[in-house]
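Chemist: pasting the structure only:
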């Protein structure tokens, strides 16, 4: 068998300067597991972005924390769960803000990451995970 007999066509590419969320959405929409990355100015191919690249960054902790929402977006997109990304201002605390938003949008459940900190740090500044678990009025799905 030859590569050309099973490859995806036409070639779908992504700009090196595109937001990561756009690349993930493109991969999900097209049901592909990788994208050639094209340099805007030269049209050269500096690399390839694959599902494996994204998973490895997440698993070894080298990915930026602010991109964790991308994984919940990708999971919900793949399973056709309606979602909405909101930009909000922090209220009195992170748990208060998250729980207030859940109430305002009538959320059926909340998905959140659970990150451990030292007991001293939690005693001084509090623990979002503990507060969410103690005060959530809807089911809470957490991953560490």
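Modeler: Great, that's in hand. No experiment lies behind these values; they were computed from the predicted model shown.
Chemist: what bits of this structure have low per-residue confidence?
Modeler: Segments of the chain classed as low confidence (criterion: pLDDT under 70) are 55-85, 114-126, 143-144.
Chemist: Following the record's annotation, map out the domains of it.
Modeler: In terms of domains, the chain is parsed into 3-77, 94-143 (source: automatic domain parsing).
Chemist: who wins for proximity to residue 88 among those?
Modeler: Residue 88 lies closest, by Cβ to Cβ, to one member of those: domain 94-143, at 6.2 Å. For the C-beta atoms, the positions are set from N, CA and C on the backbone; glycine is no exception.
Chemist: what would the domains of the chain look like in TSV with mean neighbour count and distance to residue 88?
Modeler: Converted to TSV, the domains of the chain look like this (neighbours: other Cβ atoms under 10 Å; distance: least, Cβ to Cβ, whole Å):
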stretch	mean neighbour count	distance to residue 88
domain 3-77	13	12
domain 94-143	14	6
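Chemist: For these, could you give me JSON lines that also reports distance to residue 87?
Modeler: As requested, these are arranged in JSON lines below (distance: least, Cβ to Cβ, whole Å):
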{"stretch": "domain 3-77", "distance to residue 87": "11"}
{"stretch": "domain 94-143", "distance to residue 87": "11"}
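Chemist: Distance of residue 21 relative to residue 42?
Modeler: When distances are taken as Cβ to Cβ, to the nearest Å, residue 21 and residue 42 turn out to be 24 Å apart.
Chemist: Next: residue 134.
Modeler: Distance of residue 134 to residue 42, given as Cβ to Cβ: 54 Å.
Chemist: ditto for residue 53
Modeler: Here residue 53 is placed at a distance of 22 Å from residue 42 (Cβ to Cβ).
Chemist: and if you look at residue 32?
Modeler: 24 Å.
Chemist: swap in residue 20?
Modeler: 21 Å.
Chemist: Same question for residue 137.
Modeler: 53 Å.
Chemist: Which parts of the protein are helices?
Modeler: 20-30, 51-60, 68-78, 94-104, 119-125, 128-135 (DSSP state H).
Chemist: what packs against the first one?
Modeler: Pointing back at helix 20-30 there. strand 14-15, strand 34-38, helix 68-78 (3 or more Cβ pairs under 8 Å, 6 or more residues apart in numbering; DSSP states H and E).
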